[in-house]
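J.: here are the coordinates; sequence isn't available:
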């Protein structure tokens with residue numbers, strides 16, 4: 001049986017025609033797609049290149065996992081240290097406030113005790129050659145050849161501390177700080193050397209003194225020193241003059257105005273020999289001499305204090321400072 005040859009011939013013709021038609025269609029489609037210019041393709045690829053570069057830089061800068069963990073541990077440790085420091089700061093603030101309150105209480109207690117002692121002493125009859133505490137010039141007339149004459153003398157060892165200018169019934173104490181700045185305070189003498197009476201404190205005096213003392217208790221030492229100085233100018237013959245001189249010296253000691261503090265404290269000793277402030281004034285003078293490097297004078301002052309007031313409460317502080325100087329070889 002023979003196979004017909006006609007269909008094979010048709011296939012040989014149809015297949016090439018189909019291939020040609022497909023190629024023609026592809027050519028048409030390719031012609032329809034716009035071809036991008038070289039510059040456009042470069043612009044499109046630039047952002048991609050920048051992102052790749054940034055990623056590469058970040059990858060290089062990124063810490064290793066171990067380094068990151070160590071940094072986190074260190075940060076946590078710093079946080080704990082900051083919390084500890086804050087807690088310590090709060091504790092120190094609390095302790096400081098307690099110390100300030102204790103200091104105010106001690107000032108109050110000391111001032112009240114000394115005032116009571118002075119009032120008790122002021123009620124005693126005056127002895128010849130002495131002055132009742134509270135008189136603004138703490139010395140008695142050593143002779144009464146002429147009524148009302150001021151024949152008070154100052155020992156040579158004390159005269160160098162505060163220049164004193166006699167003007168009739170008053171004396172002026174010149175207080176300087178060694179820098180050319182001076183203050184002049186008038187200390188009134190008793191009206192009559194034979195009639196010395198206990199002084200009384202007026203309401204205005206008491207208020208002015210308390211106002212200055214309150215500044216001292218508030219640790220406003222510079223203001224307190226100025227307030228006591230103003231008090232002494234307003235009330236030179238006040239019964240509280242020796243107290244004011246002492247506290248002015250105390251305030252200026254804290255602010256390290258040693259020359260002024262020294263003059264004020266020496267004024268207490270020179271002009272108020274019966275004042276209850278003298279032991280504390282001597283102690284503070286020894287401290288000032290120590291601060292100024294006058295160690296021999298400081299020793300002499302503190303030893304003199306111990307000889308004169310061996311059982312006074314300031315004797316403990318004097319002994320402690322002498323022991324400190326021994327340890328330091330001064």
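T.: Sure thing, it's come through. Since this is a predicted model, take the numbers as computed values, not measurements. Residues are numbered from 1 along each chain as shown.
J.: quick check: closest non-adjacent residue to residue 322.
T.: Distances taken as CB to CB, 6 or more residues apart in numbering put residue 302 closest to residue 322, at 5.5 Å, once the chain neighbours are dropped. All C-beta atoms are positioned from the backbone trio N, CA, C, and that covers glycine.
J.: can you give me the distance of the one you found to residue 314?
T.: For residue 302, the distance to residue 314 (CB to CB, to the nearest Å) stands at 10 Å.
J.: again with residue 233
T.: Taking CB to CB, one finds residue 233 at 29 Å from residue 314.
J.: the two: which is more packed in?
T.: Each of residue 233 and residue 314 has its neighbours counted (other CB atoms under 10 Å); residue 314 has more, 19 against 12.
J.: and residue 80, that one's in a strand?
T.: No: assigned with DSSP: H, G, I helix; E, B strand; the rest coil, residue 80 falls outside any strand and is helix.
J.: what about it, neighbour count?
T.: Other residues within reach of residue 80, judged by other CB under 10 Å, total 10.
J.: ok, residue 213 next?
T.: 21.
J.: helix or strand: which one has it?
T.: Secondary structure assigned from DSSP states H and E places residue 213 in helix 203-217.
J.: just checking, what packs against the helix or strand just after that helix?
T.: Following helix 203-217 in sequence order, the next helix or strand is helix 221-234 (DSSP H and E). Secondary-structure packing of helix 221-234 (3 or more CB pairs under 8 Å, 6 or more residues apart in numbering; DSSP states H and E): strand 182-188, helix 203-217, helix 241-254.
J.: angle of helix 221-234 against helix 241-254?
T.: Going by axes from the mean of the first three to the mean of the last three CA atoms, to 10 degrees, helix 221-234 is angled at 150 degrees with respect to helix 241-254.
J.: which residues sit against helix 221-234?
T.: 183, 185-186, 205, 208-209, 211-213, 215-216, 238, 240-241, 244-245, 247-248, 251-252, 254-255, 257, 260 (CB atoms under 8 Å, 6 or more residues apart in numbering).
J.: on that earlier part again, which residues are in contact with both of residue 302 and residue 314?
T.: With CB under 8 Å, 6+ apart, residue 302 and residue 314 have common neighbours 282, 283.
J.: now the end-to-end length of stretch 229-249.
T.: Chord length of stretch 229-249, first to last residue, is 10 Å (CA to CA, to the nearest Å).
J.: pLDDT averaged over it, what's the number?
T.: The average pLDDT for stretch 229-249 rounds to 91.
J.: quick one on the thing from earlier: count the neighbours of the residue nearest to residue 322 for me.
T.: Residue 302 has 26 neighbours, counted by other CB under 10 Å.
J.: go through stretch 210-224 and flag the buried ones.
T.: Using 16 or more other CB atoms under 10 Å as the test for burial, stretch 210-224 gives 212, 213, 214, 215, 216, 217, 221, 224.
J.: just stretch 250-264 next, same as before
T.: Buried residues in stretch 250-264, counted by 16+ other CB under 10 Å: 250, 251, 252, 253, 257, 258, 259, 260, 261, 262, 263, 264.
J.: break this structure down into its domains, please.
T.: 155-257, 276-330 (automatic domain parsing).
J.: confidence-wise, which of those is weakest overall?
T.: domain 155-257 - the lowest mean pLDDT of those, at a mean of 69.
J.: if we can go back for a sec, take the helices and strands packed on helix 221-234 and write them to TSV, including distance to residue 298.
T.: Below are the helices and strands packed on helix 221-234 laid out as TSV (distance: least, CB to CB, whole Å):
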stretch	distance to residue 298
strand 182-188	25
helix 203-217	24
helix 241-254	14
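J.: the ones you listed: which one's closest to residue 329?
T.: Of all the helices and strands packed on helix 221-234, helix 241-254 sits nearest to residue 329, with 24.5 Å by CB to CB.
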